[in-house]
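[1] Compute the structure for the input listed below.
(one chain, ligands or ions: 2)
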Amino acid sequence: MTGPVNADLYSDVKIAIIGGSGLYHLDNLKVLGEINPETPWGHPSDKIIISETPDGHKIAFLARHGRGHFLNPSEVPARANIAALKHIGVEVILAFSAVGSLREEIKPRDFVLPSQIVDRTKGIRPSTYFENGVTAHVGFADPFDKELSDIIFAQGNVCEGVTFHTNKTLVCMEGPAFSTRAESHMYRSWGCDIINMSVLPEAKLAREAEIGYQMVCMSTDYDCWKETEEAVSVEAVIANLGANSDNAKKLLLAVIPAVTKALDAGELKSVAALQGANKYAVITSKEKRNAEQLKKLEYLLPGYFI
Ligand SMILES: CSC[C@H]1O[C@H](OP(=O)(O)O)[C@H](O)[C@@H]1O
Ligand SMILES: Nc1ncnc2[nH]cnc12
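    Ligands and ions are numbered 1, 2, ... in the order given. Next comes the predicted model:
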């Protein structure tokens, strides 16, 4: 950590919120302080804000693109973001994202809880902690946490007038330019329902770090497949970001206590199952493991490999 860090500030923080486009602050929560940890993968996108809900639940908040949106999706330091959250004790991440809709029935300002991902990033984002002489392969068949998704869905009624969709497939493109019409039609033909530029490698790194992860997608546009609509533009996206982020903040006031309660009661079986899951995922033989890399991994998964 850089500067003096009061570990008490984040001592019992188990839930982190990652805010995407339009969700740069949780200004309905009380700010307790901020930290700027330096991880073996560098600094996170911005300072991590420790906040408290009106009923006294502490959470960590991180703006994915930085406050002021100075990082494009390919530049987000996802390894530092996830490592820093893990290091302070986070067990669950609720990640918010502005997405395009590839389906008629998913309208702008609808919320979507995806269950699957199709990867259309281009391999230019550092996307694993297991490299440079320490190879591991973690399971990623189900990239999101169904139990978290169920809790969020159950609280959805606090967002008046917002339709929630579940069990959808999210395609993650590289960007930063939006898709061509041919790509947009192709993603629809593949069975994809929504599109963004941010879920990867974030979700994969959370799995490597043994953190339960669910993305809450907030629809802003119909991308460019729909003939009766203008093709997506930043202007069109921004037109819906304000309403979406107001709804996200309302939703969190209900979801944070519900997730805390489930965590404390040991009801999140999927989160519990992640603890220790990667201890034996390393396939590199002990004598061939790179000591420097093991040292970095000690920050993320202490006591696992050293
Ligand atoms: C501003 S439109 C494209 C941009 O918005 C989404 O960001 P985030 O997922 O962080 O909300 C999308 O993934 C793109 O990065
Ligand atoms: N149409 C779109 N494509 C990719 N990312 C987006 N985020 C919001 N709308 C998007």
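[2] Name the single longest helix found in the protein.
    Of all the segments of type helix in the chain, defined by DSSP state H, the longest one is helix 234-264.
[3] Show me what that helix is packed against.
    For helix 234-264, the contact count by 3 or more CB pairs under 8 Å, 6 or more residues apart in numbering; DSSP states H and E identifies strand 15-19, strand 92-101, helix 146-155, strand 212-221 as packing neighbours. Heads up, the C-betas are built off the backbone N, CA and C, glycines and all.
[4] So the first one, near ligand 1 or not?
    I take that to be strand 15-19. No: Strand 15-19 stays clear of ligand 1 (CB under 6 Å from any ligand atom), getting no nearer than 7.8 Å.
[5] tell me the angle of that strand relative to helix 234-264?
    Strand 15-19 and helix 234-264 meet at an angle of 180 degrees, taking axes from the mean of the first three to the mean of the last three CA atoms, to 10 degrees as the criterion.
[6] where does strand 15-19 sit relative to the chain's centre, distance-wise?
    Counting by CA atoms, centre = their mean, to the nearest Å, strand 15-19 is centred 7 Å from the centre of its parent chain.
[7] Over to the third one?
    In this view, helix 146-155 has its centroid 15 Å away from the chain centroid, taken as CA atoms, centre = their mean.
[8] cool, stretch 99-117 as well?
    Once both centres are worked out by CA atoms, centre = their mean, stretch 99-117 turns out to sit 16 Å from its chain's centre.
[9] For that stretch, measure first residue to last.
    13 Å (CA to CA, to the nearest Å).
[10] pLDDT averaged over it - what is it?
    Within the predicted structure, the mean pLDDT of stretch 99-117 is 98.
[11] Going by neighbour count, list what's buried in that stretch.
    In terms of neighbour count (16 or more other CB atoms under 10 Å), stretch 99-117 has its buried residues at 99-103, 106, 108-117.
[12] Mind checking which of those land in strands?
    Residues from those lying in strands, with DSSP state E as the criterion: Val99, Gly100, Ser101, Phe111, Val112, Leu113, Pro114, Ser115, Gln116, Ile117.
[13] Wait, the third one touches Thr163, no?
    No: with contact defined as CB atoms under 8 Å, Ser101 does not count as touching Thr163 (11.4 Å).
[14] Between the two, which contacts overlap?
    Counting by CB atoms under 8 Å, 6 or more residues apart in numbering, the residues touching both Ser101 and Thr163 are Lys107, Asp110.
[15] related to what we said a few turns ago, need the helices and strands packed on helix 234-264 in TSV with distance to Glu235, can you?
    As requested, these are arranged in TSV below (distance: least, CB to CB, whole Å):
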stretch	distance to Glu235
strand 15-19	21
strand 92-101	13
helix 146-155	29
strand 212-221	10
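[16] Can you tell me which of the ones you listed is nearest to Cys192?
    The stretch from the helices and strands packed on helix 234-264 with the least distance to Cys192 (CB to CB) is strand 92-101; that distance is 10.2 Å.
[17] wait, does the closest one contact ligand 2?
    Yes: contact of strand 92-101 with ligand 2 is found when judged by CB under 6 Å from any ligand atom, involving Ala98, Val99, Gly100.
[18] Please name the bridge partners of the residue in the chain that ligand 2 sits nearest to.
    In the chain, the residue found nearest to ligand 2 is Gly100; the distance is 2.4 Å by CB to the nearest ligand atom. For Gly100, the beta-bridge partners under DSSP bridges are Ile195, Asp221.
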